[in-house]
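Colleague: Sequence first, then the predicted structure, then my questions.
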Amino acid sequence: MTALAKSLIDGRWETHDEQVDVTNPADGSLAGHLAWGGPRDATRAADAAATAFEDWADLPARSRADILREAADLMTARADDIGRLLAVEAGKRLPEAVGEVAFSAEYFRWFAEQARRPAGEVVPHEAPGRRHLTLTRPVGVVASLTPWNFPCSIQARKLAPALAAGCTVVARVSEKAPLAVTELVRCLVDAGVPAGVVNLVHGPARAVTQALLDHPAVRAVSFTGSTEVGREIMASASRRIVRPLLELGGDAAFVVFEDADLDAAVEGAMLAKFRNTGQSCIAANRFVVHESVREEFTGRLTEAIDAMSVGNGLADPLPDLGPVIDQSRVEAVQGMVDGALGAGATRLTRSFDLPAQGTYVAPALLADVPDDADLARSEVFGPVAAVFSFRDEAEALRRANGTEMGLAGYFWSRDVSRVWRMAERLEVGIIGANNALPSVCFAPMGGVKQSGLGREGAALGLEEFQDVRYLSLGL
């Protein structure tokens, strides 16, 4: 039976006459169908979330925590099945897809614990006859808008803290990968989340988003996606003073200093660049390497890339890279490569024989890329990167920070003093120092500059969905 992503509104799973095909980018086959709704569904879902809000917010934190923990256990138990669905609809390698579902469960497990931790404080008083306290209260209904590249874990990163805080949620997921997220939400329903607390709607992104931002009960919007769309959402949210939480585009530099452990740096480079076929907001975009080790590092990295295999993420043996999400992504990434080569760049890696069916891009490393080429200054979102050199730390920082984006950055060095200097001066929100995989549920994730506002994960991720109220008490 073909999978069907339904809407969930006020505790009821709904379908529609209009359905959208969900295709497997690995071979173009049908992965499932999506029940296609629209703004009316979004308004109904927000109405349901508003009705459910007071009871959910007033539920003891222990009770909310128990439901989230049960949902996490269900996600863990169903990770293989949900992961396979994710691998089919998004083209992910099966272990990565199953791992993403397991990681999603950790967000619910961690925030189930965080929900029970003390909130508010008693402020030391200085005025006789008065006491001063702060209290926290959930902000209200949250709109949660997520992309296709990590559809389960990004949605989990928003749902878990919002629900733990006592908010109710209306979620909209990308039509390119809606199937696994639907099953993730089903885990919440099966765990006992009351009707209306979590709602899932589908339909045209702009129309659904606008309907949610216009709804009087929606008090916060959490969005992950491009900077361009994030600006539009922030502008629209400002009309009703809806709190924006935005994780936007990235342009991460991967800096390799002359004292780096090159074996570890190359291994880290492969993970930072090629995880999820390069389709990650925090993926390494540019390799910036000290001139004294550039030749050796580049040679090792080229050799590692040339050894990769490309194919269906469900195949046996398992390939190193799967497809990109669709043909438009193929054209965008290939356009960057062709533009750089046309401007004088050199391809260092070999040519690849790609599968005849599916949306694949050959992994590539380019040198001599002009600084004004798209490959040098735009988010790639694919298995391609350029390598640049630098002479000293100041130039490395200039290159790393020479972008309007500021989501993530990486550097490799064994000099402890340099580690501190770089960490303090890199203009990014997420720093990987000798570490290519910084994402964890218990640390705050988010960007600076044009890469967004707010933090997800950790205690700060819960606070994004809470209002702090000050109480002045006369005795």
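Modeller: Structure received. None of the values given here were measured: they were computed from a predicted structure.
Colleague: residues in contact with the residue sitting nearest the centre point of the chain?
Modeller: In the chain, the centroid-proximal residue (C-alpha atoms, centre = their mean) is residue 154; its distance is 4.5 Å. Applying C-beta atoms under 8 Å, 6 or more residues apart in numbering to residue 154 gives the contacts 146-147, 224, 247. C-beta: built from backbone N, CA, C; applies to glycine.
Colleague: what about it, helix or strand, and which?
Modeller: helix 151-165 (DSSP states H and E).
Colleague: What is whichever helix or strand comes after that helix packed up against?
Modeller: Per DSSP H and E, the first helix or strand lying C-terminal to helix 151-165 is strand 168-173. In this structure, strand 168-173 makes packing contacts with helix 39-58, strand 141-146, helix 151-165, helix 179-190, strand 198-201, helix 205-214, judged by 3 or more C-beta pairs under 8 Å, 6 or more residues apart in numbering; DSSP states H and E.
Colleague: again, 10 Å this time
Modeller: Secondary-structure packing of strand 168-173 (3 or more C-beta pairs under 10 Å, 6 or more residues apart in numbering; DSSP states H and E): strand 7-9, helix 39-58, strand 141-146, helix 151-165, helix 179-190, strand 198-201, helix 205-214, strand 218-224.
Colleague: Top of the contacts of residue 154 by number of neighbours, please.
Modeller: Among the contacts of residue 154, the one with the most neighbours (other C-beta atoms under 10 Å) is residue 247, at 29 neighbours.
Colleague: if I pick residue 128, what's in contact with it?
Modeller: By C-beta atoms under 10 Å, 6 or more residues apart in numbering, the residues touching residue 128 are residue 475.
Colleague: Surely it is in a helix?
Modeller: No: counting by DSSP: H, G, I helix; E, B strand; the rest coil, residue 128 falls outside a helix, being coil.
Colleague: so what pLDDT did it get?
Modeller: On the pLDDT scale, residue 128 is placed at 89.
Colleague: what does residue 59 give?
Modeller: Residue 59 carries a pLDDT value of 96.
Colleague: again with the one 3 residues further on
Modeller: Predicted confidence (pLDDT) for residue 62: 96.
Colleague: From what I see, it and residue 164 are in contact.
Modeller: No: counting by C-beta atoms under 10 Å, residue 62 does not reach residue 164; the two are 11.5 Å apart.
Colleague: ok, these two, which is more surrounded?
Modeller: residue 164 (28 against 10).
Colleague: any idea how far the more buried one lies from residue 464?
Modeller: Residue 164 sits 11 Å away from residue 464, going by C-beta to C-beta, to the nearest Å.
Colleague: what does residue 103 give?
Modeller: 20 Å.
Colleague: So which of the two has more stuff around it?
Modeller: Just comparing residue 103 and residue 464: by other C-beta under 10 Å the higher neighbour count belongs to residue 464, 24 against 19.
Colleague: where does that one fall, phi/psi-wise?
Modeller: phi -60, psi -20 (degrees, to the nearest 10).
Colleague: cool, the one 10 residues further on as well?
Modeller: Note on residue 474: its backbone torsions stand at phi -90, psi 140 [degrees, to the nearest 10].
Colleague: I'd say it and residue 125 touch.
Modeller: No: in this structure residue 474 lies outside contact range of residue 125 using C-beta under 10 Å: 11.3 Å.
Colleague: quick one: which of the contacts of residue 154 is nearest residue 435?
Modeller: Residue 435 has its nearest neighbour among the contacts of residue 154 in residue 247, at 19.5 Å by C-beta to C-beta.
Colleague: quick one, what contacts residue 395?
Modeller: 288, 290-291, 388-389.
Colleague: Dump the residues you listed to TSV, plus neighbour count and secondary structure.
Modeller: Formatted as TSV, these follow (neighbours: other C-beta atoms under 10 Å; DSSP: H, G, I helix; E, B strand; the rest coil):
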residue	neighbour count	secondary structure
288	26	strand
290	22	strand
291	12	coil
388	19	strand
389	20	strand
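Colleague: and those as CSV, adding pLDDT?
Modeller: Output for the contacts of residue 395, formatted as CSV (pLDDT from 0 to 100):
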residue, pLDDT
288, 98
290, 98
291, 98
388, 98
389, 97
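Colleague: quick check, nearest of those to residue 217?
Modeller: Residue 217 lies nearest to residue 288 out of the contacts of residue 395, by C-beta to C-beta, at 46.7 Å.
Colleague: ok, what's across the strand from the closest one?
Modeller: residue 255, residue 388 (DSSP bridges).
Colleague: where does it sit relative to residue 387, distance-wise?
Modeller: Residue 288 is 8 Å from residue 387, by C-beta to C-beta.
Colleague: any shared contact partners between these two?
Modeller: Applying C-beta under 10 Å, 6+ apart, one finds that residue 288 and residue 387 are jointly contacted by 254, 256, 294.
Colleague: Closest one to residue 378 out of those, please.
Modeller: residue 254 (16.0 Å).
Colleague: ok, the closest one touching residue 283?
Modeller: Yes: under the criterion of C-beta under 10 Å, residue 254 makes contact with residue 283 at 9.4 Å.
Colleague: Touching both of those two, which residues are there?
Modeller: 272-273, 385, 408, 436.
Colleague: Widest-spaced pair of the residues you listed?
Modeller: 385 and 408, at 14.1 Å, using C-beta to C-beta across those.
Colleague: quick one: which of these two has more around it?
Modeller: Set residue 385 next to residue 408 and count neighbours by other C-beta under 10 Å: residue 408 wins out with 29 against 25.
Colleague: residues in contact with that one?
Modeller: 250-254, 272, 280-285, 426, 428-432, 438-439, 445-447, 451.
Colleague: do that again at 6 Å, thanks
Modeller: Neighbour list for residue 408: 250, 252, 282, 428, 430 [criterion: C-beta atoms under 6 Å, 6 or more residues apart in numbering].
Colleague: Among the residues you listed, which are located in helices?
Modeller: Taking DSSP state H, every one of the contacts of residue 408 sits outside helices.
Colleague: These into JSON lines, with extra columns for neighbour count, distance to residue 99 and pLDDT?
Modeller: Output for the contacts of residue 408, formatted as JSON lines (neighbours: other C-beta atoms under 10 Å; distance: C-beta to C-beta, whole Å; pLDDT from 0 to 100):
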{"residue": "250", "neighbour count": "28", "distance to residue 99": "21", "pLDDT": "96"}
{"residue": "252", "neighbour count": "29", "distance to residue 99": "21", "pLDDT": "97"}
{"residue": "282", "neighbour count": "25", "distance to residue 99": "16", "pLDDT": "97"}
{"residue": "428", "neighbour count": "25", "distance to residue 99": "24", "pLDDT": "98"}
{"residue": "430", "neighbour count": "25", "distance to residue 99": "19", "pLDDT": "98"}
